Every structure is written in structure tokens, then in C-alpha cells.
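Compute the structure for the input listed below.
(chains A and B)
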Amino acid sequence: GQQLNQSPQSMFIQEGEDVSMNCTSSSIFNTWLWYKQDPGEGPVLLIALYKAGELTSNGRLTAQFGITRKDSFLNISASIPSDVGIYFCAHARAQKLVFGQGTRLTINP
Amino acid sequence: EAQVTQNPRYLITVTGKKLTVTCSQNMNHEYMSWYRQDPGLGLRQIYYSMNVEVTDKGDVPEGYKVSRKEKRNFPLILESPSPNQTSLYFCASSILQGTDEQYFGPGTRLTVT
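The predicted structure follows:
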């Protein structure tokens, strides 16, 4: 099945830095979802986007649904140690949920 | 407490020995799904179910079976496991459909030797 292209695959940053990651696809989608997986746990939904151009925030997290409907961005401002984990973008195609490969975030204190 | 539970959490087995991983949710959700997570590949959907007795294939269904006889349970069955099914498996549920927020279980790490 098709996978989304998520980048970067990994990030190593200092605490307090801002983080930016993105997800692209060759197809147009109606929904973009961002999940976070803490070490040893299942993913948890962070932000859901349902409209092209939509910009949604959840605390220090901001996500945008690209105008072309083929991409999405997630930004984290002023990173803290608990932001460590794997971030996944996902979209729903019919009732199937397709995930990107994930961006692994590591934070140096 | 609202949750999705999976059992077992860890399993080591041998090629060809049938196994079942159970999944149960206590949120009265209609939609349930199974995923496998492999390094560099993210999560890939195996099967999903829209309701009791309604199941459909995800992107990687080969070698797996599921059943949905009760709303709360959605077991994953490997009739004849092979080493390429060694993976981390997650069950998830959501209220009505795949685009709703999915609640994931804690995962089952399966090793097939």
C-alpha cells in the first residue's frame, strides 16, 4: 500500500529549540492527522486537519493542511524533554488509515 | 477507565504454530483496527472492522485473519506464522470510522523464529 513521505526521519535538537517536520504525498487527501508515539506506548492523536489551508494549534504544537492538499506540516515550539518520541502523519483513504514512516525526535537537555 | 487492551504483550513462537492476539475495548466503539509497526515503515494497517461481523482488508492483510463476533473484541489470528511477521502489533478503536480519533492499545511484540 501507499505510504506517505515524512521528513526528516530523525531529529536531534537542544531543549528549547523549535521543531518542524512535514509529510507529502502524490495524491490529494481530505484529512491529515498527526499522532505521537511515546517510547513503549501506542500512538496518541495530537491534531486532526479536515480542510485545505487549515491551521490548528494544540498548545505548543501547530499543524497545517497544505493548500495543495498533498502535504501537511507540524511545528513544535520551545521543545521540552517530554516531546521526545516518534511523530507520525496519517491520512484516511476510505476507511483505511495510512501512516507516514515517522519522525523520531531526540532532545538533548 | 476507557482503554484498549491487548494480550499477550510479548510473545515468542516458532514458525507454523497458530497464535491469536486478543484485543478488547470498553468504549463501545464501532471501528476497530490492527496495525503492525516495523522500523522505517511506520504503521501499516492489517485489517479493520466497521462493526460486528463487518471486516475488511487494510494494506498488509496477507498471513492474517480477524473476526468481529462481539463489538468489544477484535482478535488477530496468525494461522501459520512466519519470521517476516515478527513485528510490533497495535490494536486501535474509534467511535465510528477511521478518521475519528483512534485509541491505541499498548502493543504486542511478536517474535517468530
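
Within range of chain A, give me the residues from chain B.
B:4, B:31, B:33, B:35, B:40-45, B:48, B:50, B:56, B:58-60, B:90, B:92, B:97-99, B:101-102, B:104-107 (CB under 8 Å from any CB of the partner chain). From N, CA and C alone the C-beta is placed, and that goes for glycine too.

residues in contact with residue B:27?
Going by CB atoms under 8 Å, 6 or more residues apart in numbering or on different chains, residue B:27 touches B:2, B:3, B:4, B:93, B:95, B:103.

filter these to the buried ones?
B:4, B:93, B:103 (16 or more other CB atoms under 10 Å in any protein chain shown).

Do you have the strands of chain A handy? List them.
Secondary structure of chain A (DSSP state E): strands located at A:5-7, A:10-14, A:19-24, A:32-37, A:44-49, A:55-58, A:61-65, A:71-76, A:85-93, A:96-99, A:103-108.

same deal with chain B?
According to DSSP E, the strands that chain B contains are B:4-7, B:10-13, B:19-25, B:31-38, B:42-51, B:54-57, B:65-66, B:76-78, B:87-94, B:103-104, B:108-112.

is it possible to export the ones you listed to TSV including mean pLDDT?
Listed next are the strands of chain B as TSV, based on pLDDT from 0 to 100:
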stretch	mean pLDDT
strand B:4-7	97
strand B:10-13	97
strand B:19-25	98
strand B:31-38	96
strand B:42-51	94
strand B:54-57	95
strand B:65-66	98
strand B:76-78	98
strand B:87-94	96
strand B:103-104	93
strand B:108-112	98
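
Residue 62: neighbouring residues, count only.
Defaulting to chain A. As a burial measure, residue A:62 scores 16 neighbours (other CB atoms under 10 Å in any protein chain shown).

let's do chain B instead
The number of residues packed around residue B:62, counting by other CB under 10 Å, is 8.

just residue B:17 next, same as before
11.

next one: residue A:17
Residues lying near residue A:17 (other CB under 10 Å) number 13.

for it, what are its contacts?
A:78, A:79.

picking that back up, between the strands of chain B, which one is closest to residue A:93.
Of all the strands of chain B, strand B:42-51 sits nearest to residue A:93, with 9.9 Å by CB to CB.

same for that closest one, what does it pack against?
strand A:85-93, strand A:96-99, strand B:31-38, strand B:54-57, strand B:65-66 (3 or more CB pairs under 8 Å, 6 or more residues apart in numbering or on different chains; DSSP states H and E).

Show which residues not belonging to the shortest one make contact with it.
What that stands for is strand B:65-66. B:34, B:46, B:47, B:49, B:55, B:74, B:75, B:76, B:77, B:78, B:79.

isn't the fourth one right up against residue B:55?
Yes: in this structure, residue B:49 sits in contact with residue B:55. The criterion is CB atoms under 8 Å, and the distance is 4.6 Å.

show me the contacts for the spatially most central residue of chain B.
With distances taken as CA atoms, centre = their mean, the residue of chain B nearest its centroid is residue B:34 (3.0 Å). Going by CB under 8 Å, 6+ apart, residue B:34 touches B:23, B:45-48, B:58, B:64, B:66, B:74, B:76, B:89-92.

Return the distance of the closest residue to it other than its chain neighbours relative to chain A.
Distances taken as CB to CB, 6 or more residues apart in numbering or on different chains place residue B:46 nearest to residue B:34, at 4.3 Å, with adjacent residues excluded. Applying CB to the nearest CB, to the nearest Å, the value for residue B:46 to chain A is 11 Å.
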